[in-house]
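[1] this is a predicted model, with the sequence first.
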Amino acid sequence: MHQAKLLDGRQAAAAVHERTRARVRKLRARGIEPAVVFFRVGDDPASELYVRRKEKQARELGIRSETVVLPAPSTERELLDRIEEKNRDPGIHGILVQMPLPQQIRAEAVCQAIHPAKDIDGFHPVNAGKLLLGDPSGFAPCTPAGICELFRHYGLVTSGAEVVILGRSNIVGKPLAALLLARGSQGDATVTVLHSQSRHIAEHCRRADFLIAAIGKAEFVRGSMIKPGAVVVDVGVTRLPLPSVPGKSRIVGDVHFSEAVRIAAWLTPNPGGVGPMTIAMLLANTVEAAERLAG
Ligand SMILES: NC(=O)c1ccc[n+]([C@@H]2O[C@H](COP(=O)([O-])OP(=O)(O)OC[C@H]3O[C@@H](n4cnc5c(N)ncnc54)[C@H](OP(=O)(O)O)[C@@H]3O)[C@@H](O)[C@H]2O)c1
């Protein structure tokens, strides 16, 4: 029976980390210690886990990290002031604010407060604009950049291909569309972006040579929506309770894995696909920021 090949994010991320490690060594030889600061507000357990993973990986690469935790009732002003301190700190090269934030803090205000040169998440309007204009001096958001790197690692070429992206968020769908639409061997795709108001979703998906699902709806993409031989990337992360073990949950992607694996040519495991690539690109961006700031 046909079985898709896996787009192994852990393996591809390890290759990115190897290159990042070499760049860290070069910076350190020049007396520069690349450093990143993570901000977290409140005690959301998932955010805590995500930041801990990033800290651990940074440490393994020789990147110094610090984490600032603000209490849940903190005001937007308090967070913006702390960000501004780090904008001005020459010893800090990258700044990340872990989302989601409590409702009294506007994510847009936070994204705009981070200096674009330290905006390793690539969410600042200046970096979003540069991405759209094809200006490589900005930072691309890490999940879309990680997906493109996954394709590059496995020699999958999007040039001329039909790419269908499910989801139009500012952190995944839209920047991914910009990257894959850009001129050049890593882009040059014909891109369709679908969202909650799109019609004929299954038909669009069935046309895709590359299908990327980023909507956060468990197992939304069924086997019947996939073109035989397509490349399928599952970005979605939905936590579903495990009825057999009270209090425990399991992570389910946007793609029905056991159906997709019989039809696609390439498929990301989930977990182990896009997640590790996102962290790898974040730390690569941190080192890039340190190199640029060092001149
Ligand atoms: N592994 C990773 O590193 C990583 C990173 C980022 C995100 N994620 C995961 O990826 C998923 C998407 O994240 P996000 O931040 O992009 O989500 P988001 O901001 O909630 O956006 C979801 C998008 O999906 C669209 N959508 C929702 N239901 C749909 C449906 N039934 N049919 C078609 N489109 C639909 C929405 O359309 P509208 O715009 O019309 O509302 C929206 O554009 C989440 O599960 C998230 O946890 C994973």
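    Alright, I've got the coordinates.

[2] outside of the host helix or strand of Leu27, which residues touch it?
    Per DSSP states H and E, Leu27 falls inside helix 9-29. Helix 9-29 has contacts (Cβ atoms under 8 Å, 6 or more residues apart in numbering) with 33-34, 57, 60-63, 146, 149-150, 153-154, 268-269, 272-277, 279-281, 283-284, 287, 290-291, 294. Backbone N, C-alpha and C define where each C-beta goes, glycine included.

[3] stretch 232-248 now?
    4, 7, 46, 143, 147, 150, 167, 172, 210-218, 220-221, 226, 249-255, 257, 260, 264, 266-268, 270, 273-275.

[4] same thing with stretch 192-203?
    Against stretch 192-203 from outside (Cβ under 8 Å, 6+ apart): 162-168, 173-174, 177, 204-205, 207-208, 224-225.

[5] out of the residues you listed, which comes closest to His93?
    Lys174 (25.9 Å; Cβ to Cβ).

[6] dihedrals phi and psi, the closest one?
    Dihedral pair for Lys174: phi -70, psi -50, per degrees, to the nearest 10.

[7] likewise for the one 3 residues further on?
    With angles defined as degrees, to the nearest 10, Ala177 shows backbone torsions of phi -60, psi -40.

[8] surely it meets Thr190?
    No. Applying Cβ atoms under 8 Å, one finds Ala177 not in contact with Thr190, separated by 10.9 Å.

[9] these two: which has the busier surroundings?
    Ala177 (22 against 16; other Cβ atoms under 10 Å).

[10] find the nearest non-adjacent residue to Val157, please.
    When the adjacent residues along the chain are set aside, Val157 lies closest to Ser185, with 6.9 Å between them (Cβ to Cβ, 6 or more residues apart in numbering).

[11] cool, Lys227 as well?
    Arg206 (5.5 Å).

[12] distance check, the residue of the stretch 1-150 of the chain found nearest the ligand against Leu242.
    Nearest residue of the stretch 1-150 of the chain to the ligand: Thr143, at 4.1 Å (Cβ to the nearest ligand atom). Per Cβ to Cβ, to the nearest Å, Thr143 is found 26 Å from Leu242.

[13] more neighbours, these two?
    Thr143 (23 against 11).
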